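A.B. asks: could you work out the structure for the sequence below:
(one chain, ligands or ions: 1)
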Amino acid sequence: MSDPSAIEHQVAARLDRLNAREAILDVRGLVKTVPHGTSERTILNNVHLKVRRREFLCVVGPSGCGKSTLIRTIAGLEEAQGGDILVDGKPVHGPGPDRAMVFQGYTLFPWLTVLGNVMFGLQMANKPKDEAAREARQWLDLVGLEPYADAYPHHLSGGMKQRVAIARALAIQPRILLMDEPFSALDARTRARMQAYLIDIWRKIDVTIVFITHDLDEALLLADRVLVLKTNPGEVVELMDVPALPGARDLDSPALKAALIRLEGFIHAQEQAQAAEDEPVTPIVRLAPIKDGID
Ligand SMILES: Nc1ncnc2c1ncn2[C@@H]1O[C@H](COP(=O)(O)OP(=O)(O)OP(=O)(O)O)[C@@H](O)[C@H]1O
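C.D. replies: Purely as a prediction, here's the structure:
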């Protein structure tokens, strides 16, 4: 059996190395508001975050706390009303090839083959067709789908579609891969396989990952660090180091069990606070009189 104190030491050494690396993503005082009647509603308030090169960061928090808004704003798909987002020290002013996104829904182009889907971004970047095809095949090989290059998306399972989506995102060689609940539509077994694939891919290439999930187990299986957001407005409540090395992790290990309890504590406290703020639910009014003997 592995010695917990030796693992603790290796984890601490890895996090030290991670913290010594340059920040690829630097979010400074991010504020995101949306119109709300005659005024505005603050979705994200003063979010600060640094993500280091080749770090795997998971973002968790109760429903509606602004996880998707955060990742979409980092992607440049939404405009911020305050603060700065820097990628490699350069401010973000819209989408760019340094950031690629994988969504929950299957977003492949149905009229293109698997190869065509992965070539798409490369051809948009003006790569000659032959070169784009050669590179796309390498990315498909990385996700184990090269034999399906000529298939169309509707012939693929959900997990395979997401692997193509990952290959397509990585083909443009982004600095940051932004993933918004990419595996939540998959069944439990496929999801577990996809988590293993993703870790395997991430270890082979120089990419930094920001991954949103509802699932705390998933966050603990994948991440170096977990960012916890709170609701209304979305603010950072915790940035937690995951006490385990990357790779096959055991959620039953004492360290990860303790981490789960800690994360559950943050989320549970917020859900309780939210429930207390919510208006009481009006009981359903019976419109018909209840006669004797009728349930
Ligand atoms: N463009 C918009 N206009 C109005 N409200 C918005 C807009 N974008 C997001 N919101 C609101 O902001 C809040 C945060 O939304 P967001 O989808 O980012 O949360 P989330 O944490 O990803 O939620 P979930 O976990 O349920 O997917 C929600 O209450 C949502 O309704």
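A.B. asks: then the helix or strand containing Ala275 to CSV, C-alphas only?
C.D. replies: Assigned by DSSP states H and E, Ala275 falls within helix 254-277. Taking Å, rounded to 0.1, in the frame of the first residue of the first chain, the C-alpha atoms of helix 254-277 are listed here in CSV:
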residue,chain,number,x,y,z
PRO,A,254,-8.7,9.5,3.3
ALA,A,255,-7.2,12.7,1.7
LEU,A,256,-9.8,12.8,-1.1
LYS,A,257,-12.7,11.8,1.2
ALA,A,258,-11.7,14.8,3.4
ALA,A,259,-11.5,17.0,0.4
LEU,A,260,-15.0,16.0,-0.7
ILE,A,261,-16.4,16.7,2.8
ARG,A,262,-14.8,20.1,2.6
LEU,A,263,-16.2,20.9,-0.8
GLU,A,264,-19.7,19.6,0.1
GLY,A,265,-19.5,21.8,3.2
PHE,A,266,-19.1,24.9,1.0
ILE,A,267,-21.8,24.0,-1.5
HIS,A,268,-24.2,22.9,1.2
ALA,A,269,-23.8,26.1,3.2
GLN,A,270,-24.6,28.1,0.1
GLU,A,271,-27.6,26.0,-0.8
GLN,A,272,-29.0,26.6,2.7
ALA,A,273,-28.4,30.3,2.5
GLN,A,274,-30.1,30.4,-1.0
ALA,A,275,-33.1,28.4,0.3
ALA,A,276,-33.5,30.9,3.1
GLU,A,277,-33.4,33.8,0.7
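A.B. asks: who touches the residue positioned nearest the centre of the chain in this structure?
C.D. replies: By CA atoms, centre = their mean, the chain has its centre lying nearest to Phe211, at 1.8 Å. Phe211 makes contact with 56-59, 179, 182, 219, 222-223, according to CB atoms under 8 Å, 6 or more residues apart in numbering. Any C-beta I mention is one placed from the backbone N, CA and C, and that applies to glycine too.
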